[in-house]
Structures are given as C-alpha cells and as structure tokens.
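Visitor: Kindly generate the corresponding structure for this input.
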Amino acid sequence: MTLSNKSSSSPSAVNKIVVAILVCAALGFIDASYLTVSHYFAIPLPCSIVNGCEKVTTSVYSTVFGVPLALFGAAYYLAMVLLSVFSLDRKNERSMKVVAVLSTAGFLISLGLVSIQLFVLDSICLYCMTSAAITTIVFLLSIRFFRPFPNERKENEGDKAQEY
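Guide: Numbering: from 1, shown residues only. So this is what the prediction gives:
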C-alpha cells in the first residue's frame, strides 16, 4: 500500500497530514524529553504562566514503578516520529494506521492524566498540558488513517464476491 495510490484525497494532502503529525510528534518529543531530563537531574521546572508544575511532576501519579511518565511520553513521540518518517520515505500507509492506533491510546491516556491534574491534584503543569494538546492534535490528524482506502474497499468487495 502506498500513500499516493491508496488515498481518496490527493497524495500531497496526505503527505501534508503526515508532515503535520511528524512536526507535532517532534515537538512532543522535545517537551517529554525535557520533562524526563528534569526528573532525573532534579531540575526545577520554570512554570510562569500557571502554578503547579512541580506539584504535578513530583506527585505519586508522575511515575510508574519509578519510571517517569515523561519517559514513556518521549518513547511514544519518538515512535510517532519514526513511523511518520517511514511512511514518508516508503510511501507506506500501514505505518500511519499504526500511528492512528497509537495516537488513540495516547489521547485516552492524556485525557486521564489531565483529569488527574485538574480533579485530583488541583494543579496544572504547563509542560504536561502542552503534551496533552500535542497528543490531541496528532489524534485528530490521524483519524483520517482509520478509514479503509479506495483500493482496499475494492479488494474487500472482490473477496466477498468470490465467497458467494
């Protein structure tokens, strides 16, 4: 499957979506990496717009088995970057379907973490909210890759016709 042959929209439109996902994921990787480095080196986070970064990033909810959630976020964003680059390089849309699935999981996890910030910790971390916003944007951009593509529909209809 290729990006150019399988999409119902023009190849350049699909490529623009992939590039937008790539840029967002790269920004998310920078944000999550900064939070990870701050965690391991005990660097205080400057939080001038909102108050609560330190409360959120040092809470019991900020780690899983001693590993900061930011490290998981950095790995998530790195996977998104690599899958997007692979998709652009190989013109393979299957990798973008993986991005769509991962972004759905990322969105749901972000939704839960934002809820914890707002309703449990009663604090907001600007860096965490930036990550949540980026994850939401990537999720919204990737929804397009959940739909079957025209050639896939034709192949599936051909398979059904042969079954009868």
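
Visitor: mind listing the helices for this structure?
Guide: Along the chain, the stretches classed as helices by DSSP state H are 3-6, 11-40, 53-57, 69-90, 94-115, 126-142, 150-163.

Visitor: could I get these as JSON lines with mean pLDDT?
Guide: Shown next, in JSON lines, are the helices of the chain (pLDDT from 0 to 100):
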{"stretch": "helix 3-6", "mean pLDDT": "47"}
{"stretch": "helix 11-40", "mean pLDDT": "94"}
{"stretch": "helix 53-57", "mean pLDDT": "90"}
{"stretch": "helix 69-90", "mean pLDDT": "96"}
{"stretch": "helix 94-115", "mean pLDDT": "96"}
{"stretch": "helix 126-142", "mean pLDDT": "97"}
{"stretch": "helix 150-163", "mean pLDDT": "52"}
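
Visitor: could I get these as a markdown table with distance to Pro46 and mean neighbour count?
Guide: To be clear about C-beta, it is placed using only N, CA and C from the backbone, and glycine gets the same treatment. Formatted as a markdown table, those follow (distance: least, Cβ to Cβ, whole Å; neighbours: other Cβ atoms under 10 Å):
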| stretch | distance to Pro46 | mean neighbour count |
| --- | --- | --- |
| helix 3-6 | 41 | 16 |
| helix 11-40 | 10 | 19 |
| helix 53-57 | 8 | 20 |
| helix 69-90 | 16 | 19 |
| helix 94-115 | 21 | 18 |
| helix 126-142 | 9 | 21 |
| helix 150-163 | 48 | 10 |
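
Visitor: just so I know, which of those lies nearest Cys47?
Guide: For Cys47, the closest of these is helix 53-57, at 3.5 Å, according to Cβ to Cβ.

Visitor: List the contacts of that closest one.
Guide: Here helix 53-57 makes contact (Cβ atoms under 8 Å, 6 or more residues apart in numbering) with 35, 38-39, 44-47, 62, 68, 70, 117, 121, 123-128.
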